[in-house]
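any chance you can model this:
(one chain, ligands or ions: 2)
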Amino acid sequence: MIEYRSLKIALLGAGSVGSQVAKLLIDNADELAARVGAGLELVGIAVRDPDAPRRVALPRELFTTDARSLILSADIVIELMGGVDPAREYVLLALNSGADVITGNKALLAEHGAQLFAVAEQVGAQLYYEAAVGGAIPIIRPLRDSLAGDRVERILGIVNGTTNFILDRMDTSGDTLEDALEVATELGYAERSDPAADVEGYDAAAKAAILAGLAFHTTVPLESVHREGITGITKEQVDAAREGGYVIKLLAICERVAADDGSEGVSARVYPALVPRQHPLAAVRGVHNAVFVQAAAAGDLMFYGAGAGGLQTASAVLGDVVSAARRHVVGGPGVAESTHADVPVLEIGAVRTRYQITLRVTDAPGVLSRIASIFATNEVSVETVTQTVASEQEPGVASGAIPARREPLPATATLVIGTHEAFESALAATVDTLRASDEVVAVTSVLRVEGV
Ligand code: NDP
Ligand code: HSE
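Ligands and ions are numbered 1, 2, ... in the order given. Predicted coordinates:
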């Protein structure tokens, strides 16, 4: 039997992901040692409560509340606590002690990545984070290494499993958003303590910042990511999308944007959008994630799989552990993050996109042409218009009921207007003018269209 030298591994956190990482490190110790050329010895697990019941049976003697001493004893530190504090302090302590660090903490990276990567570079350590985006899906390494010689133009990602599960339930089971969120919470997908992180798009925005930074070799601050969640999405919008051949998905979009003066910027944004049913992302169901990458030479690539889950995410963490351990065996400095391009991150208004706008308007001569002129005045070109005349029975009057006597209401029609690509600022101004128009009874839906 080969005697390997041993590398000391410290684990911070033993929740959904950490407990599975610990189990894999212990159960697969021999195989991992053979792959790395060194033993991987789990020397301790820092938690808040060492006696709390765990999902996975782990040796009690490994648990400690003294994270700092544990960190200082390790060659490799795995941070799976979540949150920004004290995770940031612990990661800095680990890097400054010369340890390589592995984290799945997108919130920490999106807020403090620049500082952490700078420290790692300074001390010659490496910060790995494959689990931070897309759970089990390999996407960080493909962007950082496999596509390092290509030019990534655009990324369209479904990077939050909880919201994808909710939107999928609304589409396939007819659930309201509230019902679907309740199921997602019962199944353990949505954060019980902070559902806003998922449904308001904060989690996806952090992931968009990480992906855009990697893809465009630029620092993308979290504050520069435009974010809209799914809490405004109604069952009516989901049903109308289905009838129109679309599905609504919460998308993280990172793309290069050409400015009028010929210079280049990048955009990172998160919002719910209509995606054509035939687009590969439309087939991503339930809690699954997928990242669709368009690169100049490689063309279209799609990365798909489990975006969350303790065991699934542990796979990505273990991949990073093996990479870090191999670097320790071979030696040499860590590879710095590449932010040399330093491209400006543009406001949402500078982005070109398409809208689908649903309006209820008074059904009278000349209304359609006046609505069309609002689009024209704002330099938005209309691509499609569908009109449905409202039924004579007003909503709220149950069939068979005798309505109270009243003045007849003006006839209304529903218009569904699809636009060509236009600047977001122009589209937003168009919607504002429509809302203020006397002939528009209600703007019932405004959704962007992506993937066409
Ligand atoms: P959990 O909430 O399940 O577990 C967190 C763990 O960290 C617990 O063991 C907790 O200790 C410990 N912990 C928290 N705060 C402290 C502290 N101040 N000091 C010491 N220990 C602490 O988190 P997850 O496993 O779900 O997630 C871990 C990380 O992985 C997060 O950054 C998350 O975003 C990321 N991630 C998670 C995925 C998932 O599917 N769950 C998918 C992809 C990434 P105790 O047990 O004593 O309370
Ligand atoms: N809350 C996240 C999700 C977990 O639903 O995708 C994985 O980052």
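
what about the longest helix in this protein?
Longest helix in the chain by number of residues, with DSSP state H as the criterion: helix 310-330.

and stretch 423-434, which residues are buried?
Buried residues in stretch 423-434, counted by 16 or more other Cβ atoms under 10 Å: 423, 424, 426, 427, 429, 430, 431, 433, 434. From N, CA and C alone the C-beta is placed, and that goes for glycine too.

can you list contacts of it?
Applying Cβ atoms under 8 Å, 6 or more residues apart in numbering, the external contacts of stretch 423-434 come out as 348-353, 355, 357, 359, 371, 374-375, 377-380, 419, 440, 443, 446.

which among those residues count as buried?
Those of the contacts of stretch 423-434 that meet the buried threshold are 348, 350-351, 353, 355, 357, 359, 371, 374-375, 378, 380, 419, 440, 443, 446, by 16+ other Cβ under 10 Å.

from those, which land in strands?
Among the buried ones among the contacts of stretch 423-434, the ones falling in strands (DSSP state E) are 353, 355, 357, 359, 419, 440, 443, 446.

if you drop the residues flanking it in sequence, what lies closest to the first one?
Which is residue 353. Among residues not flanking residue 353 along the chain, residue 448 sits closest, at 5.1 Å (Cβ to Cβ, 6 or more residues apart in numbering).

what about that neighbour, is that helix, strand or coil?
Classification of residue 448 using DSSP: H, G, I helix; E, B strand; the rest coil returns strand.

for beta bridges, what are the partners of it?
With DSSP bridges as the criterion, residue 448 is bridged to residue 273, residue 355.

roughly how far apart are it and residue 236?
Taking Cβ to Cβ, to the nearest Å as the measure, residue 448 falls 17 Å from residue 236.

if you count what's nearby, which of these two comes out ahead?
More neighbours surround residue 448 than the other of residue 448 and residue 236, with 21 against 11 (other Cβ atoms under 10 Å).

shouldn't that one be in contact with residue 351?
No: the pair residue 448 / residue 351 is not scored as a contact, 9.7 Å apart, by Cβ atoms under 8 Å.

strands of the stretch 151-300 of the chain, residue ranges please.
Using DSSP state E, counting those that start in this stretch, the strands of the stretch 151-300 of the chain run over 152-158, 226-227, 246-258, 264-276, 288-295, 299-306.

same question for the third one: list its buried residues.
Residues 246, 247, 248, 249, 250, 251, 252, 253, 254, 255, 256, 257 are the ones in strand 246-258 that count as buried (16+ other Cβ under 10 Å).

next: the first one.
Burial within strand 152-158, assessed by neighbour count using 16+ other Cβ under 10 Å, is assigned to 152, 154, 155, 156, 157, 158.

make CSV out of those residues and add pLDDT.
Below are the buried residues of strand 152-158 laid out as CSV (pLDDT from 0 to 100):
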residue, pLDDT
152, 98
154, 98
155, 98
156, 97
157, 97
158, 98
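
let me know the closest of those residues to ligand 2.
Among the buried residues of strand 152-158, residue 158 lies closest to ligand 2 (Cβ to the nearest ligand atom), at 9.3 Å.

for residue 424, see how far away that closest one is.
Counting by Cβ to Cβ, the gap from residue 158 to residue 424 is 21 Å.

which parts of the stretch 201-350 of the chain sit against ligand 1?
Residues of the stretch 201-350 of the chain lying close to ligand 1 (Cβ under 6 Å from any ligand atom) are 308, 309, 310, 313.

highest neighbour count among these?
Neighbour count (other Cβ under 10 Å) singles out residue 313 as the most crowded of those, with 26 neighbours.

please state the offset of stretch 282-295 from the chain centre?
Centroid separation for stretch 282-295 versus its chain: 11 Å, with Cα atoms, centre = their mean, to the nearest Å.

my error: substitute stretch 296-309 in the last question.
Chain-centre distance of stretch 296-309: 13 Å, with Cα atoms, centre = their mean.

please apply the same query to stretch 11-27.
Once both centres are worked out by Cα atoms, centre = their mean, stretch 11-27 turns out to sit 24 Å from its chain's centre.

and for stretch 8-15?
Computed by Cα atoms, centre = their mean, the separation of stretch 8-15 from the middle of its chain amounts to 25 Å.

what mean pLDDT does stretch 80-99 get?
Stretch 80-99 shows a mean pLDDT of 96.

from the buried residues of strand 246-258, which is closest to residue 88?
Nearest to residue 88 among these is residue 252, at 23.1 Å by Cβ to Cβ.

looking at the buried ones among the contacts of stretch 423-434, which is nearest ligand 2?
The closest of these to ligand 2 turns out to be residue 348 (Cβ to the nearest ligand atom; 22.9 Å).

where's the closest one relative to residue 445, distance?
Residue 348 is 19 Å from residue 445, by Cβ to Cβ.

would you verify that residue 10 is located in a strand?
Yes: counting by three-state DSSP, residue 10 falls inside a strand.

skipping its backbone neighbours, what lies nearest it in space?
Closest residue to residue 10 apart from its sequence neighbours, by Cβ to Cβ, 6+ apart: residue 74 at 3.6 Å.

hmm, the one you found is touching residue 9, no?
Yes: distance between residue 74 and residue 9: 6.2 Å, which falls inside the contact criterion (Cβ under 8 Å).

which residues does the most centrally placed residue in the chain contact?
Centroid check for the chain by Cα atoms, centre = their mean gives residue 204 as the closest residue, at 2.7 Å. Residues in contact with residue 204 (Cβ under 8 Å, 6+ apart) are 157, 159, 160, 163, 227, 250, 252, 270.
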